[in-house]
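Asker: The amino acid sequence is not available; the structure is as follows:
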């Protein structure tokens with residue numbers, strides 16, 4: 001009887017997943033580091049994997065649709081790029097419960113409930129025309145967000161949004177005439193024998209990033225110490241700025257304090273020991289000016305995604321100079337997609353990014369996973385390591401090539417053709433190879449030169465290569481670590 005009952009339950013399960021209509025549901029509680037990404041339940045994936053593509057649409061009851069990338073990480077499907085914008089738009093908190101229903105291929109309708117068990121009003125009410133207090137953010141596509149009294153688009157072309165909280169001392173009438181660039185502006189008084197009205201800093205951060213109380217305190221302390229006549233311009237490095245050397249600057253600030261026309265401005269170390277020239281383009285549509293030429297400055301100061309930069313403008317007969325005040329290393333922001341160290345354990349539902357990335361739809365068995373994690377732990381890279389299992393295309397004796405996964409390549413590798421240096425630590429010295437790195441039709445591959453690397457290192461199908469991207473090198477360079485098939 002027990003066996004018959006088990007078979008019956010299996011039949012019911014099969015009927016549910018494969019013969020009833022396609023509108024299946026799963027729920028996720030917001031716990032742990034949920035803003036960084038959430039997993040799709042394995043059982044759900046196992047039964048409708050063919051209906052989940054590399055990109056999904058999340059539709060909230062207010063009718064807004066958000067595009068989110070699906071990554072394969074440690075044998076899980078994770079909602080990753082774009083999820084932080086969705087979480088911010090609907091002010092998701094620990095304890096919230098989300099019900100996902102797949103209405104069609106790669107399209108999920110999402111209902112959002114707060115810890116009381118009731119739906120969150122913010123997710124249900126269309127916000128067109130609703131009042132908003134002012135907030136200035138830079139989205140992932142480097143567009144500035146509109147200031148007060150307009151619903152603000154938050155980085156997704158489909159129109160996600162965020163409603164900032166208004167301080168108890170603020171009123172709508174005060175906000176209406178206020179030209180501060182951000183609700184993040186620092187307004188602490190300076191105590192110098194009496195109360196002196198401080199200069200407001202202009203703080204413009206990437207979407208989803210916020211200053212901690214410690215970071216705010218450091219900024220306030222710097223303002224009190226210097227008492228600048230011109231407001232500081234404070235921002236954080238976006239990954240696209242780090243990769244391209246292009247930085248968006250709030251246009252109103254640029255025109256008031258920097259320049260009201262296109263031209264060149266100088267960046268300078270505090271002691272004036274080194275300067276850099278950047279081009280400022282004021283004649284743009286929207287709320288931001290575009291500045292180019294930041295790459296040398298970023299490299300020379302070893303800046304990374306999330307690093308906070310404070311710029312103090314000064315004017316002279318020679319033009320405008322932005323003096324750079326770096327904050328201590330402990331003051332990095334943790335932007336959406338922040339990668340914790342290899343020692344960080346992943347909570348089951350709130351999923352921080354792992355310290356390595358696999359090609360889409362590639363999984364490791366338990367033994368491979370153990371060996372890879374051990375090697376990654378030893379490497380201690382600040383950038384996620386790219387892990388690939390060699391196949392026949394990578395290792396055949398004729399012309400062979402290697403292709404990087406799109407998720408990794410679009411985030412960490414350059415967008416133009418060039419020579420890549422591959423390095424391996426030999427018994428007595430470091431061995432180096434050069435291969436042609438090509439980018440074409442969203443494919444990032446190594447061609448000429450890869451075959452010699454394969455031959456010299458006797459790579460075989462089934463071997464695992466770990467590619468560690470090196471920072472602060474003149475040429476594109478990756479260290480390669482090999483785990484032989486026989487050892488796993």
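Answerer: Good, I have the coordinates. Computed from a predicted structure; not experimentally measured.

Asker: and the strand ranked longest in the chain, how far from the chain's centre?
Answerer: Secondary structure of the chain per DSSP state E: the longest strand is strand 430-440. Between the centre of strand 430-440 and the centre of its chain there are 26 Å (Cα atoms, centre = their mean, to the nearest Å).

Asker: Give me the domain ranges for this structure.
Answerer: Split into domains by automatic domain parsing, the chain comes to 2-124, 180-331, 356-487.

Asker: Need these in CSV (columns: mean pLDDT and mean neighbour count).
Answerer: In this view, the C-beta of every residue, glycine as well, is placed from N, C-alpha and C. Shown next, in CSV, are the domains of the chain (pLDDT from 0 to 100; neighbours: other Cβ atoms under 10 Å):
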stretch, mean pLDDT, mean neighbour count
domain 2-124, 81, 16
domain 180-331, 75, 17
domain 356-487, 88, 16
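
Asker: And the helices in this protein?
Answerer: Assigned by DSSP state H, the helices in the chain fall at 2-18, 42-48, 83-89, 121-124, 172-176, 213-226, 239-244, 251-253, 295-300, 366-379, 392-395, 406-412, 450-456.

Asker: which other helices and strands contact the fourth one?
Answerer: Other helices and strands packing on helix 121-124, by 3 or more Cβ pairs under 8 Å, 6 or more residues apart in numbering; DSSP states H and E, are strand 107-113.

Asker: measure residue 478 to residue 355 for me?
Answerer: Residue 478 sits 16 Å away from residue 355, going by Cβ to Cβ, to the nearest Å.

Asker: Looking at strand pairing, list the partners for residue 288.
Answerer: Beta bridges link residue 288 to residue 250 when assigned by DSSP bridges.

Asker: Look up how far residue 277 lies from it.
Answerer: The span separating residue 288 from residue 277 equals 20 Å under the rule Cβ to Cβ.

Asker: same thing with residue 318?
Answerer: As judged by Cβ to Cβ, residue 318 and residue 277 stand 12 Å apart.

Asker: cool, residue 116 as well?
Answerer: Separation of residue 116 from residue 277 (Cβ to Cβ) stands at 56 Å.

Asker: next one: residue 64
Answerer: Distance, residue 64 to residue 277, by Cβ to Cβ: 42 Å.

Asker: hmm, back to that, I'd like the helices of the chain written out as a markdown table, with distance to residue 103 added.
Answerer: What follows is the helices of the chain, written out as a markdown table (distance: least, Cβ to Cβ, whole Å):
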| stretch | distance to residue 103 |
| --- | --- |
| helix 2-18 | 16 |
| helix 42-48 | 12 |
| helix 83-89 | 16 |
| helix 121-124 | 16 |
| helix 172-176 | 38 |
| helix 213-226 | 41 |
| helix 239-244 | 32 |
| helix 251-253 | 40 |
| helix 295-300 | 43 |
| helix 366-379 | 34 |
| helix 392-395 | 37 |
| helix 406-412 | 25 |
| helix 450-456 | 44 |
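
Asker: partners of the longest strand of the chain, with directions?
Answerer: Applying DSSP bridges, strand 430-440 is found paired with strand 418-425 (antiparallel), strand 443-446 (antiparallel).

Asker: Give me the distance from the first one to the chain's centre.
Answerer: From the chain centre to the centre of strand 418-425 is a distance of 26 Å (Cα atoms, centre = their mean).

Asker: Ok, stretch 233-244 next?
Answerer: 11 Å.

Asker: residues in contact with residue 460?
Answerer: Counting by Cβ atoms under 8 Å, 6 or more residues apart in numbering, residue 460 touches 390, 395, 484-485.

Asker: Just flag the most distant two among those residues.
Answerer: Greatest spacing in the contacts of residue 460, by Cβ to Cβ: 395 and 484 (12.5 Å).

Asker: ok, now which ones touch the residue nearest to residue 239 when sequence neighbours are not counted?
Answerer: Nearest residue to residue 239 in three dimensions, chain neighbours excluded: residue 305, at 4.4 Å (Cβ to Cβ, 6 or more residues apart in numbering). Residue 305 is in contact with 237-239, 242, 335, counting by Cβ under 8 Å, 6+ apart.

Asker: Tell me how far residue 305 lies from residue 383.
Answerer: 10 Å.

Asker: rewinding a little: will you turn the contacts of residue 305 into CSV that also has distance to residue 464?
Answerer: Listed next are these as CSV, based on distance: Cβ to Cβ, whole Å:
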residue, distance to residue 464
237, 32
238, 32
239, 27
242, 28
335, 29
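
Asker: Go through those residues and say which is closest to residue 269.
Answerer: Closest to residue 269, out of all of the contacts of residue 305 and judged by Cβ to Cβ, is residue 237, at 17.0 Å.

Asker: quick revisit: could you point out which of the contacts of residue 460 is nearest to residue 103?
Answerer: Comparing the contacts of residue 460 against residue 103 with Cβ to Cβ picks out residue 390 as the nearest, at 39.8 Å.

Asker: For the closest one, which non-adjacent residue is closest in space?
Answerer: Nearest non-adjacent residue to residue 390, counting by Cβ to Cβ, 6+ apart: residue 463, 4.7 Å away.

Asker: shouldn't that neighbour be in contact with residue 486?
Answerer: No: Residue 463 lies out of contact with residue 486 (Cβ atoms under 8 Å); the separation is 9.1 Å.

Asker: Next one: the closest residue to residue 298 other than its chain neighbours relative to residue 301, how far apart?
Answerer: Computed as Cβ to Cβ, 6+ apart, the closest residue to residue 298 that is not its neighbour in sequence is residue 242, at 5.9 Å. Distance, residue 242 to residue 301, by Cβ to Cβ: 11 Å.

Asker: beta partners for the nearest residue to residue 473 once chain neighbours are set aside?
Answerer: Distances taken as Cβ to Cβ, 6+ apart put residue 421 closest to residue 473, at 7.9 Å, once the chain neighbours are dropped. Residue 421 has the following beta-bridge partners by DSSP bridges: residue 434, residue 477.

Asker: Now for residue 421: which residues touch it?
Answerer: Residue 421 makes contacts with 432-434, 473, 475-478, as judged by Cβ under 8 Å, 6+ apart.

Asker: Now distance to residue 255 too, for the residues you listed, in TSV please.
Answerer: Converted to TSV, the contacts of residue 421 look like this (distance: Cβ to Cβ, whole Å):
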residue	distance to residue 255
432	49
433	50
434	47
473	38
475	39
476	37
477	41
478	42
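
Asker: quick one: which of the residues you listed is nearest residue 46?
Answerer: Nearest to residue 46 out of the contacts of residue 421 is residue 478 (Cβ to Cβ; 34.3 Å).

Asker: Could you measure from that closest one over to residue 372?
Answerer: Distance of residue 478 to residue 372, given as Cβ to Cβ: 16 Å.
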